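Student: test case, fold it:
(one chain, ligands or ions: 3)
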Amino acid sequence: MGTVVESANQGAVNLPTNKKVAVIFVLGGPGSGKGTQCTNIVEHFGYTHLSAGDLLRAEIKSGSENGTMISNMIKEGKIVPSEVTIKLLQRAIQENGNDKFLIDGFPRNEENRAAFELVTGIEPEFVLFFDCPEAEMEKRLLGRNQGREDDNIETIRKRFNVYMESSLPVIEYYNSKGKVRKIDAVKPVGEVFEAVKAVFAPANEKVAA
Ligand SMILES: Nc1ncnc2c1ncn2[C@@H]1O[C@H](COP(=O)(O)OP(=O)(O)OP(=O)(O)O)[C@@H](O)[C@H]1O
Ligand SMILES: Nc1ccn([C@@H]2O[C@H](COP(=O)(O)O)[C@@H](O)[C@H]2O)c(=O)n1
Ligand SMILES: [Mg+2]
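Tutor: Numbering: from 1, shown residues only. Ligands and ions are numbered 1, 2, ... in the order given. Alright, predicted model coming up:
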């Protein structure tokens, strides 16, 4: 492992640089179970979970000048400009003491992918891809009940369209580089995690106390 977050950071975040980090991108459609499985991976394998969507929602709550724009984009299921999301991710990486990160829900389109690589110089170790049929994802999102403004059928349909048109090509790009680890995400949570463990273990397993 080991990518260096360094000079390409210029102007993005004014924090210490030259931090070596390993990054795994966690991708899949809306409601495929990315966040759920990241929680399990954190517990078992010691990664730090950074959800791009969570960072954007926190930015809205913080009263940031970008808050209204981000909120409008999320309500429409659109992808926020990369510079905004990348700054949030960079800051979260730099401020965290860990050196291995799950970046969940990013890159969401080609602009996200290319800009992140250019700005940070980081290449993911691999891409964990949760593959789930749309009907199952729709059912899960409508039942999620976490008060998210984008978990309504109108926005869900827009998010599915963006996923098909903009996010799947990014997964295909990494697949062509042999970096995608595909997981059948339609199974129950525990079974999905068994498949995830097979990707991470044994090299990352925490030593039992
Ligand atoms: N394997 C599963 N089987 C059934 N329900 C699941 C499974 N995994 C997650 N869920 C449920 O589906 C909903 C969506 O899961 P989660 O929030 O992890 O998805 P996500 O991929 O992070 O979605 P989003 O992209 O919208 O953030 C949650 O209510 C979660 O409890
Ligand atoms: N790279 C990203 C990630 C997310 N967004 C916006 O946030 C919404 C919710 O994302 P989740 O991963 O939590 O589902 C998403 O629909 C986008 O509007 C983004 O712009 N860029
Ligand atoms: Mg999520």
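Student: check contacts around the residue of the chain found nearest ligand 2.
Tutor: Using Cβ to the nearest ligand atom, Gly53 is the residue of the chain that sits closest to ligand 2, at 2.0 Å. Bear in mind the C-beta positions are built from the backbone N, C-alpha and C, glycine included. Residues in contact with Gly53 (Cβ atoms under 8 Å, 6 or more residues apart in numbering) are 74, 104-105.
Student: if we go to 7 Å?
Tutor: Gly105 (Cβ atoms under 7 Å, 6 or more residues apart in numbering).
Student: and the next helix or strand past whichever strand or helix holds it?
Tutor: Element membership for Gly53 (DSSP states H and E) is helix 52-61. On the C-terminal side of helix 52-61, the closest following helix or strand by DSSP H and E is helix 67-75.
Student: relative to helix 67-75, how tilted is the next helix or strand after that following helix?
Tutor: Using DSSP H and E, the next helix or strand after helix 67-75 towards the C-terminus is helix 82-95. Compare the direction of helix 82-95 with that of helix 67-75 by axes from the mean of the first three to the mean of the last three Cα atoms, to 10 degrees and you get 100 degrees.
Student: about what we covered before: list the buried residues in the helix holding Gly53.
Tutor: By 16 or more other Cβ atoms under 10 Å, the buried positions in helix 52-61 come out as 52-53, 55-57, 59-60.
Student: of the residues you listed, which is the nearest to ligand 1?
Tutor: Gly53 (5.3 Å).
Student: wasn't Asp151 part of a helix?
Tutor: No: counting by DSSP: H, G, I helix; E, B strand; the rest coil, Asp151 is not part of a helix but coil.
Student: so what's it up against?
Tutor: Asp151 makes contacts with 141-142, 144, as judged by Cβ under 7 Å, 6+ apart.
Student: now render the residues you listed as TSV, adding distance to ligand 2, neighbour count and pLDDT.
Tutor: As requested, the contacts of Asp151 are exported to TSV (distance: Cβ to the nearest ligand atom, whole Å; neighbours: other Cβ atoms under 10 Å; pLDDT from 0 to 100):
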residue	distance to ligand 2	neighbour count	pLDDT
Leu141	9	23	98
Leu142	14	13	98
Arg144	10	13	98
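Student: ok, so of those, who is nearest Asn96?
Tutor: Of all those, Asn96 sits closest to Arg144, with 26.5 Å by Cβ to Cβ.
Student: which SSE is the closest one in?
Tutor: Secondary structure assignment for Arg144, by DSSP H and E: no helix or strand.
Student: give me phi/psi at the residue nearest to it when sequence neighbours are not counted?
Tutor: Counting by Cβ to Cβ, 6 or more residues apart in numbering, Arg144 lies nearest to Asp151, which is 5.5 Å off, once chain neighbours are set aside. Dihedral angles of Asp151 (phi, psi; degrees, to the nearest 10) stand at phi -90, psi 50.
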